[in-house]
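In: Structure for this input, please:
(2 chains)
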Protein chains: 2
Amino acid sequence: VTLLVAVSGWEPEAWAKRLRRLMPGRTVLTTDGQGLFEGDDAALAEVRYALVWKPRPEVLERLPQLEVIFSLGAGVDHILGLPQLPDVPVVRIVDPDLTGRMVEYVVWQVLHHHRRGPEYARQQSERQWRERRQPAAHEVTIGIMGLGVLGQAAAVALGRLGFRLAGWSRSEKQLPDMACFHGTEGLAPFLGQTDILVALLPLTPETSGILNYKLFAQMKREGPLGGPVVINAGRGGSQVEADIVAALEDGKLKGASLDVFETEPLPPDSPLWSRPEVVITPHNAAVSDPEALTRQIAGQIAAYERGAPLKNLVDTARGY
Amino acid sequence: VTLLVAVSGWEPEAWAKRLRRLMPGRTVLTTDGQGLFEGDDAALAEVRYALVWKPRPEVLERLPQLEVIFSLGAGVDHILGLPQLPDVPVVRIVDPDLTGRMVEYVVWQVLHHHRRGPEYARQQSERQWRERRQPAAHEVTIGIMGLGVLGQAAAVALGRLGFRLAGWSRSEKQLPDMACFHGTEGLAPFLGQTDILVALLPLTPETSGILNYKLFAQMKREGPLGGPVVINAGRGGSQVEADIVAALEDGKLKGASLDVFETEPLPPDSPLWSRPEVVITPHNAAVSDPEALTRQIAGQIAAYERGAPLKNLVDTARGY
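Out: Numbers count the residues shown, from 1 in each chain, chains lettered A, B, ... in the order given. The predicted structure is shown next:
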């Protein structure tokens, strides 16, 4: 039984080594760092499982015996967006390590804006000692868009710190201690009570460009933080960066934390870099830990071969 | 029954108004914002309860019927340090609102250093997109000095995020999921495993200047964050700022978050202001909420007058 690690943008060899150690007796092939495979079709014809990150369609097409695709990132738009996707199950990562890292990022950035980090940083640069009004957590509503595993875990952590919670998802959900909204009609009431918006959305046709000026303009005015804040750790394709800048300029937004961007790496001429009320990180809110991930996938494959159903399957029609 | 609000540094009138509303029928006197009382001794002779922040000894001495002193801040060094303290019980604040705010500050600053906030801020200022190695929370040990109500609450919140925990206190304590150390002998092993030190110590003769170069030099070398970090939200008197600067200069410390200072406000010529790896806030990690606090003190007084014992008493000999 052969595995293929097919990735663009980084070197797959370290991952392949871990897989060989975890699954002795299997052949583990790899693409090069551009996602291309130099070997012949005979080798690829044996591949049953593909572990992929931004795979090349011309490589996936050469896998006649492929049974399962495992995504190496939490999002799967890098797979579902392919022009010709092999008709096999796609499995997403649901890994406690990755979830924990995302929760860290969200809690960090929510607290940063809640505790007026950008304002105190400016004061520090001016050697100014001045206390600002600090609302209690229970006066501030965190609105979470996207209520999957990551959104729900972030909600639990924020709720423990005392924040009020609202949630929005495509289809209806009921979650404890959270005002839940869904669908297009649910968006306005959700935004109207949100002080800090946390976007953890998959990238689909419906969510593409959803974080735009019109949405920011519907967020809560007169909130305890002096203006709404947006945090995006989902996908850059969900945000309209020109609109974020415009909303920051005219006060529709007070601040932002962005881990993802329309173009990555964020181009050096982006006006976002130099804004003091914007926190930029290089798409590392929740980076897959190769050790934890390969262990998880090896476990899933072993269970699958014993006849157990695959877990964390992607709904390819829905897009996530 | 008369109450006196005796404070230096801010205007007590708003507090007095709340107390009058909560405790109708009582007389509530106030000092001016410098802690002085302009009225005559006859009025002060009726005072049974004093609510104080940095009170003037010459005012406390004029209260022959004083029964209880309530501190308006979590620390009590501003009371116990007085040359002539009336021989009455001193009650500290233990308020869920104040505890929650301190937990927010500690979690915010721990995550800021854990997630390499200062490094990403510098990269942002240089428009640089570069991912840095991110350890998992379970690779990082947070060492908490001071295991009172605030230290224990911070430990619970940090433990939920997956961090390893160590704790140090003057006298022996046993706390769940935490390696506990105590006393002078316990300091070296505690520091030797600590990546991020969180100081929530009362100011006493033993803790004065305890956060010094010699202590920083005993912290864990070769940790996953590239160097030890110190966070102080206790008292400025516990830290030696010249030593913090020296340790940052020669790499014994990698970063610091300071909410308290030897002199407050921090003087404009302090070298701390301009260090990018230092986060400065104006002693507002946990600011008392007047509404919550006055409610709590009114409740304590009512219970005391029904014969219940006072809660949260300070051990004046021990100093906290």
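In: Any residues of the stretch 1-150 of chain A in contact with chain B? List them.
Out: Proximity of the stretch 1-150 of chain A to chain B (C-beta under 8 Å from any C-beta of the partner chain) is limited to residues A:97, A:100-101, A:103-105, A:107-108, A:111-112, A:114-115, A:117, A:120-121, A:123-124, A:127, A:129-132, A:134, A:136-137. No exception for glycine: its C-beta is placed from N, CA and C like everyone else's.
In: ok, of the residues you listed, which come out buried?
Out: Buried residues within the residues of the stretch 1-150 of chain A next to chain B, counting neighbours by 16 or more other C-beta atoms under 10 Å in any protein chain shown: A:97, A:100-101, A:103-105, A:107-108, A:111-112, A:114-115, A:117, A:120-121, A:123-124, A:127, A:129, A:134, A:136-137.
In: Which residue ranges of the stretch 51-200 of chain A form strands?
Out: Counting by DSSP state E, counting those that start in this stretch, the stretch 51-200 of chain A has strands at residues A:68-71, A:90-91, A:141-145, A:164-169, A:179-182, A:196-199.
In: buried stuff in the third one?
Out: Spelled out, that is strand A:141-145. Going by neighbour count (16+ other C-beta under 10 Å), the buried part of strand A:141-145 is A:141, A:142, A:143, A:144, A:145.
In: rewinding a little: so which of the residues of the stretch 1-150 of chain A next to chain B sit within helices?
Out: Secondary structure defined by DSSP state H assigns A:97, A:100-101, A:103-105, A:107-108, A:111-112, A:114, A:117, A:120-121, A:123-124 of the residues of the stretch 1-150 of chain A next to chain B to helices.
In: Pick out the most distant pair among those residues.
Out: Taking C-beta to C-beta as the measure, these span a maximum distance of 36.5 Å, between A:97 and A:123.
In: Give me the nearest residue to the residue nearest to the spatial centre of chain A, chain neighbours excluded.
Out: The residue lying closest to the centre of chain A (C-alpha atoms, centre = their mean) is residue A:234, at 3.2 Å. If the residues on either side of it in the chain are set aside, residue A:234 comes closest to residue A:201, at 4.4 Å by C-beta to C-beta, 6 or more residues apart in numbering or on different chains.
In: What pLDDT does the model give residue A:251?
Out: pLDDT, residue A:251: 97.
In: The one 3 residues further on too?
Out: The pLDDT attached to residue A:254 in the predicted structure is 98.
In: Chain B versus the residue lying closest to it once chain neighbours are set aside, what's the distance?
Out: Nearest residue to residue A:254, sequence neighbours excluded (C-beta to C-beta, 6+ apart): residue A:227, at 2.9 Å. With distances taken as C-beta to the nearest C-beta, to the nearest Å, residue A:227 is found 19 Å from chain B.
In: got a list of what residue A:227 touches?
Out: A:251, A:252, A:253, A:254, A:255 (C-beta atoms under 8 Å, 6 or more residues apart in numbering or on different chains).
In: Can I get the residues you listed in a markdown table including distance to residue A:241?
Out: Below are the contacts of residue A:227 laid out as a markdown table (distance: C-beta to C-beta, whole Å):
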| residue | distance to residue A:241 |
| --- | --- |
| A:251 | 18 |
| A:252 | 14 |
| A:253 | 12 |
| A:254 | 17 |
| A:255 | 15 |
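In: List buried residues within the residues you listed.
Out: A:252, A:253, A:254, A:255.
In: Out of those residues, list just those in strands.
Out: residue A:255 (DSSP state E).
In: how near is residue A:120 to residue B:279?
Out: Residue A:120 is 8 Å from residue B:279, where distance means C-beta to C-beta, to the nearest Å.
In: on that earlier part again, take the buried residues of strand A:141-145 and write them to TSV, including distance to residue B:87 and pLDDT.
Out: Converted to TSV, the buried residues of strand A:141-145 look like this (distance: C-beta to C-beta, whole Å; pLDDT from 0 to 100):
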residue	distance to residue B:87	pLDDT
A:141	48	98
A:142	49	98
A:143	54	98
A:144	54	98
A:145	59	98
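In: With distance to residue B:65 as added columns, please give these in CSV.
Out: Formatted as CSV, these follow (distance: C-beta to C-beta, whole Å):
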residue, distance to residue B:65
A:141, 47
A:142, 49
A:143, 53
A:144, 55
A:145, 60
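In: closest to chain B among these?
Out: In terms of C-beta to the nearest C-beta, no member of the buried residues of strand A:141-145 lies closer to chain B than residue A:142, at 12.9 Å.
In: Next, count neighbours for the closest residue to chain B within the stretch 201-320 of chain A.
Out: Nearest to chain B, among the residues of the stretch 201-320 of chain A, is residue A:265, at 3.6 Å (C-beta to the nearest C-beta). Neighbour count for residue A:265, taken as other C-beta atoms under 10 Å in any protein chain shown: 14.
In: on that earlier part again, for the residue nearest to the centre of chain A, pull up the helix or strand it's in.
Out: Residue A:234 belongs to no helix or strand when elements are defined using DSSP states H and E.
In: Show the contacting residues for it.
Out: Shown in contact with residue A:234 (C-beta under 8 Å, 6+ apart): A:75, A:145, A:146, A:199, A:200, A:201, A:202, A:203, A:207, A:260.
In: Could you rerun that using 7 Å?
Out: Shown in contact with residue A:234 (C-beta atoms under 7 Å, 6 or more residues apart in numbering or on different chains): A:146, A:199, A:200, A:201, A:202, A:260.
In: measure stretch A:204-212 end to end?
Out: With C-alpha to C-alpha, to the nearest Å as the measure, stretch A:204-212 spans 15 Å from end to end.
In: What are the buried residues along that stretch?
Out: For stretch A:204-212, using 16+ other C-beta under 10 Å, the buried residues are A:204, A:207, A:210, A:211, A:212.
In: tell me the secondary structure for the first one?
Out: Read it as residue A:204. Classification of residue A:204 into helix, strand or coil gives coil, according to DSSP: H, G, I helix; E, B strand; the rest coil.
In: How about it: what's its closest non-neighbour residue?
Out: Excluding the flanking residues, the one nearest residue A:204 by C-beta to C-beta, 6+ apart is residue A:319, at 3.7 Å.
In: Distance from stretch A:134-146 to the middle of the chain?
Out: 20 Å (C-alpha atoms, centre = their mean, to the nearest Å).
In: Kindly report the same for stretch A:109-124.
Out: Between the centre of stretch A:109-124 and the centre of its host chain there is 23 Å, according to C-alpha atoms, centre = their mean.
In: Export that stretch to PDB, keeping only CA atoms.
Out: The C-alpha coordinates for stretch A:109-124 follow below in PDB (Å, rounded to 0.1, in the frame of the first residue of the first chain):
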ATOM      1  CA  GLN A 109      -6.200  38.800  19.800                       C
ATOM      2  CA  VAL A 110      -9.600  39.200  21.500                       C
ATOM      3  CA  LEU A 111      -7.900  40.200  24.800                       C
ATOM      4  CA  HIS A 112      -5.500  42.500  22.900                       C
ATOM      5  CA  HIS A 113      -8.400  44.600  21.500                       C
ATOM      6  CA  HIS A 114     -10.500  44.200  24.600                       C
ATOM      7  CA  ARG A 115      -7.700  45.400  26.800                       C
ATOM      8  CA  ARG A 116      -6.900  48.300  24.400                       C
ATOM      9  CA  GLY A 117      -3.500  46.900  23.400                       C
ATOM     10  CA  PRO A 118      -3.100  49.100  20.300                       C
ATOM     11  CA  GLU A 119      -3.900  52.300  22.300                       C
ATOM     12  CA  TYR A 120      -1.500  51.400  25.100                       C
ATOM     13  CA  ALA A 121       1.200  50.600  22.500                       C
ATOM     14  CA  ARG A 122       0.800  54.000  21.000                       C
ATOM     15  CA  GLN A 123       0.900  55.600  24.500                       C
ATOM     16  CA  GLN A 124       4.000  53.700  25.300                       C
END
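In: which residues are contacting that stretch?
Out: Here stretch A:109-124 makes contact (C-beta under 7 Å, 6+ apart) with A:130, A:132, A:140, A:142, A:158, A:196, A:198, A:225, A:229, A:231, A:255, A:257, A:276-277, A:279, B:104-105, B:107-108, B:273, B:280-281.
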